[in-house]
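Chemist: starting from these lines, generate the structure:
(chains A and B)
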Amino acid sequence: MTGRVLPFRGRPLSSEAGLRAAERVLSTPLDERTAKAKALHLEDPETLLALCGVLRERISASPASVKEEAQFLYRFIESPRREIGLFDERDYFLGETALLAGTACRCLSQREDAWIWFDRAEAGFRHTMNAPAELSRLSYQKLAERLEERQVDLVLELLPSLFESFQKLGMPEDALKCRFLEGLAHFEKDDPLGAIRVFNAVCQQADELGSQTLLADSYVNLIHAHGLLGEAEAAIEASRRAIPILRAVDNRISLAKVHWGLATLLREEGQLREAIDSYRKAQEDFEAIGMRADIAALNLVVADLLLEEGRSVEALREISEALPVIAELKMAPEGMAALSLVRESVRRQEVNRQALRELHGYFQELQN
Amino acid sequence: MEKSSPRRPDEVESVFALTLEVIHSALVGYYQLTEDEARGAEEDLYVWFQRLSRRGGAGHMPAKLLRISLLSAACQYGRSFQLWKLGGEKSPDAHLNELLAREPDEVAGDLDRRFKEDRS
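Modeler: Next up, the predicted model:
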């Protein structure tokens, strides 16, 4: 008798073979995978580990496909119950795939689904051997979601504790991401100067850590903050630094936000037509990755600019395009109140500009 | 600020190798697995630990901080295996029964302290 508790049903894969298996899985149509599970080594923990790594990298380029892939993997592991790997590995993979699905839903503004997936992630991670590390990552995503739901005070209350957890766990990059959320909270509080202070600090530390992703995302927020203050030189410098990194890591979400930030700057400078062009470019980028909430938000911003130019018929068309998506998103109460006024405006063919601004102001804060 | 460099492959090997003696003595001395049983357990623990160090969260932690997870897994392994061998009966060895009644995480904490003391 040996000490093996869970014998392998075949030779386990090496990490290199796991990566190759992951590529084969991703190139196999979803509806064929379960039948081909054995040939694809889909139950092998090395395959699953590689798949989770690939999906984590792809989330900023293609959140919709990551959601679909992560959901498939979760369902595959969960039911019918499959024994995966050794000790706690089944629970870990349930938690990790659920966290990926939840994060993707957050990017896509699918808030209810995001919370359900976060609950599933917690149920998996709770049974893992190194639960504090995984649960802390989950807490970060939950706080990011709460920030998007404008629960700013709660986020600011809970961030220091999460920061401390990451510090204790020896995870400096994750700790720095907490400061990133703090910077976003300044935007929510209409404090672009505070945001600039925090993001400059994050940039410096991200550079020291060698975290290109965090560095580029911070530059993107600096573009937006400087743009709001009409500080053209600083905004353009931040975009010059952000774009090459974002292209290198294929971060399409943040590339779209660069156009949004530059449009904000153009708008502040009174270059309305150029601003609209830049907003349109951001919309095209969001369209390519399925981020409908952001497209709708920009429809409202563009409508506001069109009204400023006296183009009310076009403005109404923009608003009409946005309304069905906004209603589907089930926004926060203040957003819904503004939405009702804008709906009424459209019905009367006479836009209530204040309501429109409140509604797209709500969205503008969401983009961060 | 501490640099977040990619984990070196030999870092994980090194942590496992340094901890192996404590793991072996826990499996054989505490949980009373045979030498063969312990060797099989250690092979599985090695494979598992390699993958633990590449997880989304734990994978970002310094490998030395993962040692307590490794010891905890070893204790859970040893306990489950011995309970299975006993088939629901009590052992004639009172010390073993006492150990099996303790939480593996608690035993792992004791082992970690011993590990640190041995190297201080």
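Chemist: assign a three-state SS to A:Thr28, would you?
Modeler: Secondary structure of A:Thr28, reduced to three states by DSSP: H, G, I helix; E, B strand; the rest coil: coil.
Chemist: quick one, what contacts it?
Modeler: A:36, A:40 (C-beta atoms under 8 Å, 6 or more residues apart in numbering or on different chains). Glycine gets a C-beta too; all of them are placed from N, C-alpha and C.
Chemist: what residues does the stretch 151-300 of chain A put near chain B?
Modeler: Listed as neighbours of chain B in the stretch 151-300 of chain A under the rule C-beta under 8 Å from any C-beta of the partner chain: A:169-174, A:176, A:205, A:208-211.
Chemist: ok, now with 6 Å
Modeler: A:169-173, A:205, A:208-209 (C-beta under 6 Å from any C-beta of the partner chain).
Chemist: of those residues - the most surrounded one?
Modeler: Greatest neighbour count in those, by other C-beta atoms under 10 Å in any protein chain shown, goes to A:Met171: 24 neighbours.
Chemist: ok, it touching B:His60?
Modeler: Yes. Shown here, A:Met171 and B:His60 form a contact pair, counting by C-beta atoms under 6 Å, at 4.7 Å.
Chemist: pLDDT value on whatever residue of the stretch 51-200 of chain A ends up closest to chain B, please?
Modeler: Residue nearest to chain B within the stretch 51-200 of chain A: A:Ala133 (3.5 Å; C-beta to the nearest C-beta). We have a pLDDT of 95 for A:Ala133.
Chemist: leaving out the residues flanking it, which one is nearest to B:Tyr77?
Modeler: Nearest non-adjacent residue to B:Tyr77, counting by C-beta to C-beta, 6 or more residues apart in numbering or on different chains: B:Ala41, 5.2 Å away.
Chemist: err, A:Lys67, not the other one
Modeler: In space, and not counting its chain neighbours, A:Lys67 is closest to A:Ala104: 3.6 Å by C-beta to C-beta, 6+ apart.
Chemist: residue ranges in chain B under the pLDDT threshold?
Modeler: Scanning chain B with the threshold set as pLDDT under 70 gives B:1-9.
Chemist: can you pull the contacts of the residue positioned nearest the centre of it?
Modeler: Most central in chain B under C-alpha atoms, centre = their mean is B:Leu71, positioned 2.5 Å from the mean C-alpha point. Going by C-beta atoms under 6 Å, 6 or more residues apart in numbering or on different chains, B:Leu71 touches B:108, B:111-112.
Chemist: those in helices, which ones?
Modeler: B:108, B:111-112 (DSSP state H).
Chemist: and the next element down the chain from the longest helix seen in chain B?
Modeler: Ranked by residue count, the top helix of chain B under DSSP H comes out as helix B:67-86. Downstream of helix B:67-86, the next assigned helix or strand under DSSP states H and E is helix B:94-101.
Chemist: now do that following helix: everything it contacts.
Modeler: For helix B:94-101, contacts defined as C-beta under 6 Å, 6+ apart pick out B:30, B:32, B:79, B:90-91.
Chemist: ok so, going back, for burial, what's the neighbour tally of the residue nearest to B:Tyr77?
Modeler: 26.
Chemist: what do you get for A:Gly310?
Modeler: Burial measure for A:Gly310: 8 neighbouring residues, criterion other C-beta under 10 Å.
Chemist: got JSON lines for the ones in helices among the contacts of B:Leu71, with neighbour count and distance to A:Gly290 too?
Modeler: Formatted as JSON lines, the ones in helices among the contacts of B:Leu71 follow (neighbours: other C-beta atoms under 10 Å in any protein chain shown; distance: C-beta to C-beta, whole Å):
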{"residue": "B:Ala108", "neighbour count": "22", "distance to A:Gly290": "45"}
{"residue": "B:Leu111", "neighbour count": "23", "distance to A:Gly290": "50"}
{"residue": "B:Asp112", "neighbour count": "17", "distance to A:Gly290": "47"}
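Chemist: want to throw those into a markdown table with distance to A:Cys52?
Modeler: Listed next are the ones in helices among the contacts of B:Leu71 as a markdown table, based on distance: C-beta to C-beta, whole Å:
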| residue | distance to A:Cys52 |
| --- | --- |
| B:Ala108 | 26 |
| B:Leu111 | 30 |
| B:Asp112 | 28 |
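Chemist: nearest to A:Gly183, of these?
Modeler: Checking the ones in helices among the contacts of B:Leu71 against A:Gly183 by C-beta to C-beta gives B:Asp112 as the nearest, at 37.4 Å.
Chemist: check the gap between the closest one and B:Ser72 for me.
Modeler: If you measure B:Asp112 against B:Ser72 using C-beta to C-beta, to the nearest Å, the figure is 9 Å.
Chemist: can you tell me the element the closest residue to A:Leu48 other than its chain neighbours falls in?
Modeler: The spatial neighbour of A:Leu48 that comes closest, neighbours along the chain excluded (C-beta to C-beta, 6+ apart), is A:Phe93 at 5.0 Å. Take DSSP H and E as the rule and A:Phe93 turns out to sit in helix A:89-107.
Chemist: give the helix, strand or coil label for A:Glu69.
Modeler: A:Glu69 falls in the helix class when you classify it by three-state DSSP.
Chemist: tally of neighbours for the residue nearest to B:Ser91 when sequence neighbours are not counted?
Modeler: In space, B:Ser91 comes closest to B:Asn97 once its chain neighbours are excluded; the distance is 5.4 Å by C-beta to C-beta, 6+ apart. Other residues near B:Asn97 come to 12 when the count uses other C-beta under 10 Å.
Chemist: how close does B:Asn97 get to B:Glu103?
Modeler: Counting by C-beta to C-beta, the gap from B:Asn97 to B:Glu103 is 15 Å.
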